[in-house]
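Visitor: Provided below for reference: sequence and predicted model.
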Amino acid sequence: MSDFVIEGGTKLCGEIDIQGAKNSCLPILAATLIDKNVSVIHNCPDLTDVNTAVKILEYLGCEVIRENHTVIVDATCVTACDIPEHLMCEMRCSVVFLGAIIARCHKARISMPGGCELGPRPIDLHLDGLKKLGVTIKDEHGYLDCRVDKGLKGNKISLAFPSVGATENIMIASTLAKGTTTIYNAAQEPEIVDLANFLNKKGAKIYGAGENIIVIEGTNTLSDSIHSIIPDRIVTATYLSSAAITGGEVLLKKVCPDDLSSVIPILEEAGCFVKGYDSSIYLKAPDILKPVSLIRTMPYPGFPTDAQAPIMALLCVANGTSIFVENIFENRYKHVCELNKMGADIKLEGKVAVVKGVSELYGTSVAAKDLRGGASLIVAALKAKGITRLKDIYHIDRGYDNIEIYLSQLNAKIIRTK
Ligand code: UD1
């Protein structure tokens, strides 16, 4: 198994392009199978989660061609309507294939997604939404058996929480339902808008994506489509944090600064100069970072839970105390113990993390416990004195496309061991 070996202390500087968004790419790949046509998806990041999505599409019978960052899915022939347990386990977001398989096959069988590194991630909102569209769901010894007897029917669905995955599943399934579906309290993430844009290019009639009410008029005629995945706002936030912690100066290209409207003010409060252009973002860090009074993770357009860990690493070396409140997932502070091993001073009490800035972090041996927490350890290691050996980096490969190559282009000293 590979590790990252990182020598801290070099200021990051230069320019890089930002990859396509994982959280957009996965539901869009799932949505390619809803009808008998071909989808060409550009700007797909090179990630293990994308590999898993491709494996699922192939298992279901689709023909998939991958050329660099383009994935071509020919869904003319779908031969299976289940997802084997080992593929469900490889990627929790496999559940977003449920709506697509049901739309296409009118039945689906998947294993219940198990426990997860972020704490319990129930799928009740996904299932309740699909039931409202006419799906019968039986939970049989850890497997979900789903079927639609009289066709999918549009309905009014009110989500108790604006779940990203549930909104995606309902949008995908209702695209081919009879009549109109209205999702109230829908998730408003940019990835939801990207999925709607992709489906609309195929001929779907989805209105209001990005707002809290989404209306989907069902159709039965979809066509081939070409789509390019939006930039990854969380990867952007991670590279901005990396540059900021080292006192660096970077220009990140192929990004959408508007999608970072809750992250940029935090970086500014920490003392960074940040300027967004049409499709790039510039950051110049101060010599000494300032603390940030309060960061509360919220559904979009609030501060993203996925950016909590990288920004926390940054504030470990601010000259004062910052407070975080994690409102989305229960178990999203696993990086704290590892950051403390590096010399950080973070105390946890339930949802709250109190980060007291320290003057130095120190390289040591640490392990990635989850995707974004793992990335936060890279951010910290770039600043730390000495060498950090980061283990279990397969978590990071799920969401960051060749992170060591991009960071090296910005002058970081990071290698992947064989
Ligand atoms: C998605 C993202 C993930 C991100 C998260 C929050 C993908 C593949 N994943 O995850 O990276 O961290 O949004 O922005 O896009 N919930 C329920 N019942 C449900 C569904 C969710 O109670 O049926 C709860 C969850 O436990 C959690 C909250 O709702 O507390 C948010 O979950 P959700 O928005 O669904 O996140 P994911 O789609 O899993």
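Guide: Thanks, I have the structure now.
Visitor: what does the chain have sitting close to the ligand?
Guide: Applying Cβ under 6 Å from any ligand atom, we find that the chain lies next to the ligand at 23, 26, 93, 121-126, 161, 163-166, 187, 191, 304-306, 328-329. Where you see a C-beta, it was placed from the backbone N, CA and C, and this is true even at glycine.
Visitor: buried among these? Make that a PyMOL selection.
Guide: The PyMOL selection below is limited to those of those classed as buried (16 or more other Cβ atoms under 10 Å):
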select buried, resi 23+26+93+121+123+125+126+163+164+165+166+187+191+304+305+306+328+329
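Visitor: which strand or helix spans K131?
Guide: helix 124-132 (DSSP states H and E).
Visitor: quick check: next helix or strand after that helix?
Guide: According to DSSP H and E, the helix or strand after helix 124-132 is strand 136-140.
Visitor: report all helices and strands that that following strand contacts.
Guide: Counting contacts by 3 or more Cβ pairs under 8 Å, 6 or more residues apart in numbering; DSSP states H and E, strand 136-140 packs against helix 124-132, strand 143-147.
Visitor: G203 is in contact with L222, correct?
Guide: Yes: taking contacts as Cβ atoms under 8 Å, L222 lies within contact range of G203: 4.6 Å.
Visitor: neighbour count winner among those two?
Guide: L222 (20 against 16; other Cβ atoms under 10 Å).
Visitor: residue contacts, that one?
Guide: By Cβ atoms under 8 Å, 6 or more residues apart in numbering, L222 lies in contact with I34, D35, N37, T175, L176, K202, G203, A204.
Visitor: ok, how many other residues are close to the second one?
Guide: Other residues near D35 come to 24 when the count uses other Cβ under 10 Å.
Visitor: cool, the last one as well?
Guide: Number of residues near A204 (other Cβ under 10 Å) recorded here: 26.
Visitor: and it, what pLDDT?
Guide: pLDDT, A204: 98.
Visitor: my read: it touches N220, true?
Guide: No: using Cβ under 8 Å, A204 is not in contact with N220, being 10.7 Å away.
Visitor: re the thing from before, so what does the helix holding K131 touch, helix or strand wise?
Guide: Secondary-structure packing of helix 124-132 (3+ Cβ pairs under 8 Å, 6+ apart): helix 97-105, strand 136-140, strand 156-158, helix 164-174.
Visitor: pipe these into JSON lines and attach mean pLDDT per row.
Guide: Formatted as JSON lines, the helices and strands packed on helix 124-132 follow (pLDDT from 0 to 100):
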{"stretch": "helix 97-105", "mean pLDDT": "96"}
{"stretch": "strand 136-140", "mean pLDDT": "91"}
{"stretch": "strand 156-158", "mean pLDDT": "98"}
{"stretch": "helix 164-174", "mean pLDDT": "98"}
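Visitor: dump those to a markdown table, plus distance to Y394.
Guide: Output for the helices and strands packed on helix 124-132, formatted as a markdown table (distance: least, Cβ to Cβ, whole Å):
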| stretch | distance to Y394 |
| --- | --- |
| helix 97-105 | 22 |
| strand 136-140 | 30 |
| strand 156-158 | 36 |
| helix 164-174 | 22 |
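Visitor: for I393, which of the ones you listed is the nearest?
Guide: helix 164-174 (25.1 Å; Cβ to Cβ).
Visitor: now the very next helix or strand once past the closest one - C-alpha only, PDB.
Guide: As assigned by DSSP H and E, the chain's next helix or strand after helix 164-174 is strand 180-184. Extracted in PDB, the C-alpha atoms of strand 180-184 (Å, rounded to 0.1, in the frame of the first residue of the first chain):
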ATOM      1  CA  THR A 180     -45.300  16.400 -12.400                       C
ATOM      2  CA  THR A 181     -43.100  15.900  -9.400                       C
ATOM      3  CA  THR A 182     -42.400  18.700  -7.000                       C
ATOM      4  CA  ILE A 183     -39.600  18.500  -4.400                       C
ATOM      5  CA  TYR A 184     -40.000  20.800  -1.500                       C
END
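Visitor: for G115, report the pLDDT, please.
Guide: Looking at G115, the pLDDT reads 43.
Visitor: go on, P120?
Guide: Listed pLDDT for P120 reads 65.
Visitor: low pLDDT regions in the stretch 1-150 of the chain?
Guide: Residue ranges of the stretch 1-150 of the chain with pLDDT under 70: 113-120.
Visitor: measure the residue of the chain positioned farthest from its centre to A177 for me?
Guide: Taking Cα atoms, centre = their mean, the residue of the chain most remote from its mean C-alpha position is K150, at 34.5 Å. For K150, the distance to A177 (Cβ to Cβ, to the nearest Å) stands at 11 Å.
Visitor: list residues touching both of the two?
Guide: Each of G134 lies in contact with both K150 and A177 under the rule Cβ under 8 Å, 6+ apart.
Visitor: thinking again about what came up before, got phi/psi on the residue farthest from the centre of the chain?
Guide: Per-residue torsions, K150: phi -110, psi 30 (degrees, to the nearest 10).
Visitor: quick check, it in contact with T136.
Guide: No: contact criterion Cβ under 8 Å: K150 and T136 do not qualify, at 10.2 Å.
Visitor: determine which stretch of the helices and strands packed on strand 136-140 is the most buried.
Guide: Mean neighbour count (mean count of other Cβ atoms under 10 Å) peaks for helix 124-132 among the helices and strands packed on strand 136-140, with a mean of 20.
Visitor: so what's the gap between that helix and the chain middle?
Guide: 22 Å (Cα atoms, centre = their mean, to the nearest Å).
Visitor: quick one, strands of the stretch 1-150 of the chain?
Guide: All strands of the stretch 1-150 of the chain, identified by DSSP state E, counting those that start in this stretch, fall at 4-7, 13-17, 38-42, 63-67, 70-74, 82-83, 107-111, 136-140, 143-147.
Visitor: could those strands go into CSV alongside distance to L98?
Guide: Putting those into CSV (distance: least, Cβ to Cβ, whole Å) gives the following:
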stretch, distance to L98
strand 4-7, 34
strand 13-17, 33
strand 38-42, 19
strand 63-67, 19
strand 70-74, 17
strand 82-83, 8
strand 107-111, 6
strand 136-140, 9
strand 143-147, 7
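Visitor: for V50, which of these is the nearest?
Guide: Nearest of the strands of the stretch 1-150 of the chain (Cβ to Cβ): strand 70-74, 7.5 Å.
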